[in-house]
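Peer 1: model this:
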Amino acid sequence: MTPARFQPGDRVKVMKADVPGHLRTPWYIRGHEGEVERICGFFANPEELAFNRHGLPKRALYRVRFAQKKVWPDYAGPAGDTIDVEIYEHWLERA
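Peer 2: Residues are numbered from 1 along each chain as shown. As a prediction, this is how the structure comes out:
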């Protein structure tokens, strides 16, 4: 297991990819920038586990916070509203 690449407060961007398989990264968040809120831990990759593979090495799972207005430009709620999404490290890059 490698150490986490990102720390709380880091700005990250979610990979915008259309890859086949059993994915845990929602379409609506791909390509967006957010801030790491916390490291949730290290887990076997569920995208591999879905195909009965071992899912190793374990990967860091992050809770990333996004401004709702940036995700949904027509969002009519308060400007400070956010959405948190848990995303595995291999989907993230530095913003």
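Peer 1: average pLDDT across the host helix or strand of Glu47?
Peer 2: Assessed by DSSP states H and E, Glu47 sits inside helix 46-49. Per-residue confidence for helix 46-49 averages out to 86 on the pLDDT scale.
Peer 1: could you point out which element follows the helix or strand bottoming out on mean pLDDT in the chain?
Peer 2: In the chain, no helix or strand scores lower on mean pLDDT, DSSP states H and E than helix 46-49, which sits at a mean of 86. Toward the C-terminus, helix 46-49 is succeeded by strand 59-67 as the next helix or strand (DSSP H and E).
Peer 1: list the strands paired with that next one, with their directions.
Peer 2: The strands beside strand 59-67 in its sheet (DSSP bridges) come out as strand 33-43 (antiparallel), strand 82-88 (antiparallel).
Peer 1: who's the closest residue to Glu86 other than its chain neighbours bridged to?
Peer 2: Counting by C-beta to C-beta, 6 or more residues apart in numbering, the nearest residue to Glu86 once its immediate chain neighbours are dropped is Arg63, at 5.3 Å. In this view, the C-beta of every residue, glycine as well, is placed from N, C-alpha and C. Listed beta-bridge partners, Arg63: Arg38, Glu86 (assigned using DSSP bridges).
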